[in-house]
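Student: Provided below for reference: sequence and predicted model.
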Amino acid sequence: MSAQANAAVVGVATTRKQVFAWGIWDWGSAAFNAVILTFVFSVYLTDAVGDDLPGSISATSWFSWSIGLAGVFIAVLAPISGQRFDARGRRKRSLGILTGLTVLSMVGLFFVKDDYHYLWLGLVLLAFGSILFELASVPYNSMLRQVSTPQNIGRVSGFGWSMGYFGGIVLLLICYFGFITGDGDTRGLFGLTTDGGLNIRFVALLAAVWFAVSAIPVFLAVPELPPTGADPDAAKAGIAESYKVLFRDLRELWSVDRRSVYFLAASALFRDGLAGVFTFGAVLAVSVYGIGTADVLLFGVAANVVAGLGAISAGRFDDRVGPKTVIVLSLASMIFAGVVLLFVSGPLMFWVFGLVLCLFVGPAQSSSRTYLARLAPPGREGQFFGLYATTGRAVSFLAPTLFGLFVWLFDSDRAGIGGLLVVLAVGLGALLAVKAPDKV
């Protein structure tokens, strides 16, 4: 690429206002990730809406299959989507459309009443929302290079990750105390009725508004990039031709810079381990370490706080020593804390070493993003982050499978930690073999 094309891609929106606007999208995205998909609406869908579902297949099974099917679509669509966003100069426009459609899918959840006849509507909306949200994350992550310079990319990425954690904390607390806590026919400080699941359906509306409002600043403050000519064939390719361009680019990448391919594989492994820590943390807290179910939410809040603080702090180290060092130290520290948890008992030990685990999740996630951003050729960030999403989905079965396998083999929930440690260790080993990005 020419110097002029590079200048159009790197560091074109790096004022405090623009960086803050970019990070606020991450703050708002927690409305879908934390509230809709993880902690609130998915639980309502499986435990309340589908509670009396007839037939031998449970609502939880249908939910897991629908999210799994959504993952297949994400894996297939993400890389060519990012490729097309870059080539056609529609990165911000695509982010706006996909964010808007995600918000509409969240609004639609308001109509999912506490009746198993509405389960299918809820599953379809959640699946579509998952696809749209993950595809929106591709142009959003691609913007990292626009809102940062090679000297501060680690700090900017860490800021974005931390905003996601803190946004999730604030919104979850608002939802819990405003709409969920309490007993009887009305719940929360707003006193909404539970009839037909109205209180939870209002949570979906609040989450939709939260995301929509939080997404506005990035569209006002960060400029759209013109087509850079980095991959001219992708600009005029149709859907089928886009895959041909993608495979051609991958062959060229393998010939020219295999480091990127190796990193995508290694990051897919350790990112699945990172996801497993949060996925199974609450289960282990209750079943193994004796933490009360009421205190799990408090631990979840604390876990997100330390993960966010870790992401912010590690961003400065990322800029000084490079993302690979940060990821390696984070994974090694998590493995150490996990080994300790295999042998200790009681709520206090879980609080101490569980929070140590979470402290290093944020840095590993944030520096993984900067690692790839430093490797991606200018103008092709969307394609690379599309591949990032695809490889992550390709191995997303590993942590849950090994967790369950270790529990079954050793007849102990505690042993499931060993399965997560295996995934983290294999990911760490694979990363050690990958050359670090070139220093600035």
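Tutor: Received the coordinates, thanks.

Student: where does the stretch 101-250 of the chain dip in pLDDT?
Tutor: In the predicted model of the stretch 101-250 of the chain, residues 227-239 satisfy pLDDT under 70.

Student: can you map out the helices along it?
Tutor: Counting by DSSP state H, counting those that start in this stretch, residue ranges of the helices within the stretch 101-250 of the chain are 119-142, 153-175, 198-221, 232-235, 239-256.

Student: Okay, buried residues for the last one please.
Tutor: The reference is to helix 239-256. S242, V245, L246, D249, L253 (16 or more other CB atoms under 10 Å). C-betas here are computed from N, CA, C, even on glycine.

Student: before we move on, what about stretch 182-196?
Tutor: Within stretch 182-196, the residues that qualify as buried are R187, G188, L192, T194, counting by 16+ other CB under 10 Å.

Student: burial count for the residue lying closest to C175 once chain neighbours are set aside?
Tutor: Using CB to CB, 6 or more residues apart in numbering and skipping the chain neighbours, the partner closest in space to C175 is V203 (5.0 Å). Neighbour count of V203, defined by other CB atoms under 10 Å: 29.

Student: now Y140
Tutor: Other residues within reach of Y140, judged by other CB under 10 Å, total 23.

Student: Would you confirm that it contacts G23?
Tutor: No. Taking contacts as CB atoms under 8 Å, Y140 lies outside contact range of G23: 10.4 Å.

Student: Stretch 298-318: how far from the chain's middle?
Tutor: For stretch 298-318, the gap between its own C-alpha mean and the chain's C-alpha mean amounts to 15 Å (CA atoms, centre = their mean, to the nearest Å).

Student: for stretch 324-341, same thing?
Tutor: Centre-to-centre, stretch 324-341 and its host chain are 20 Å apart (CA atoms, centre = their mean).

Student: In that stretch, which residues are buried?
Tutor: Using 16+ other CB under 10 Å as the burial criterion, the residues of stretch 324-341 that qualify are 324, 326-331, 333-335, 337-338, 341.

Student: before we move on, back to that, just the closest of the buried residues of helix 239-256 to L355, please.
Tutor: Within the buried residues of helix 239-256, distances to L355 taken as CB to CB reach their minimum at L253, with 38.9 Å.

Student: quick one: which of the helices of the stretch 101-250 of the chain is nearest W27?
Tutor: W27 sits nearest to helix 153-175 of all the helices of the stretch 101-250 of the chain, at 3.5 Å, using CB to CB.

Student: tell me what the closest one is packed against?
Tutor: Applying 3 or more CB pairs under 8 Å, 6 or more residues apart in numbering; DSSP states H and E, one finds that helix 153-175 contacts helix 16-30, helix 198-221, helix 293-321, helix 347-375.

Student: Next, format those as JSON lines and append distance to F403.
Tutor: Listed next are the helices and strands packed on helix 153-175 as JSON lines, based on distance: least, CB to CB, whole Å:
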{"stretch": "helix 16-30", "distance to F403": "24"}
{"stretch": "helix 198-221", "distance to F403": "28"}
{"stretch": "helix 293-321", "distance to F403": "18"}
{"stretch": "helix 347-375", "distance to F403": "14"}
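
Student: what residue ranges in the stretch 251-400 of the chain score low on pLDDT?
Tutor: For the stretch 251-400 of the chain, the stretches with pLDDT under 70 are 282, 293-294.

Student: Per-residue pLDDT of A34, please?
Tutor: In the predicted model, A34 carries a pLDDT score of 85.

Student: Could you give the number of residues near the residue lying closest to G290 once chain neighbours are set aside?
Tutor: Nearest residue to G290 in three dimensions, chain neighbours excluded: P347, at 5.4 Å (CB to CB, 6+ apart). Burial measure for P347: 15 neighbouring residues, criterion other CB under 10 Å.

Student: and P347, what is it in contact with?
Tutor: Neighbouring residues of P347 by CB atoms under 8 Å, 6 or more residues apart in numbering: Y289, G290, I291, D295.

Student: The first one touches G346, doesn't it?
Tutor: Which is Y289. Yes. Applying CB under 8 Å, one finds Y289 in contact with G346, separated by 6.4 Å.

Student: These two - which one has more neighbours?
Tutor: Here Y289 and G346 are set side by side on neighbour count (other CB under 10 Å), and the busier one is Y289, at 21 against 12.

Student: Narrow the contacts of P347 to those that are buried.
Tutor: Using 16+ other CB under 10 Å as the burial test, those include Y289, I291 as buried.

Student: What about the contacts of P347, which are in helices?
Tutor: Among the contacts of P347, the members falling in helices are D295 (criterion: DSSP state H).

Student: out of the contacts of P347, who's nearest A31?
Tutor: Ranked by distance to A31 (CB to CB), the contacts of P347 are led by D295 at 24.3 Å.

Student: so how far is I169 from the closest one?
Tutor: Applying CB to CB, to the nearest Å, the value for D295 to I169 is 16 Å.

Student: cool, G196 as well?
Tutor: In this structure, G196 lies at 29 Å from I169, with CB to CB as the measure.

Student: A373 now?
Tutor: As for A373, its distance to I169 is 26 Å (criterion: CB to CB).

Student: So for those two, which sits in the more crowded spot?
Tutor: Ranked by neighbour count (other CB under 10 Å), A373 and I169 place A373 first, with 26 against 19.

Student: Number of residues surrounding the spatially closest residue to the more buried one that is not a sequence neighbour?
Tutor: Of all residues not flanking A373 in the chain, L144 sits nearest, at 5.0 Å (CB to CB, 6+ apart). Burial of L144, expressed as a neighbour count using other CB under 10 Å, amounts to 21.

Student: Report the contact partners of L144.
Tutor: Contacts for L144 (CB under 8 Å, 6+ apart) come out as W22, I153, V156, S157, G160, R369, T370, A373, E381.
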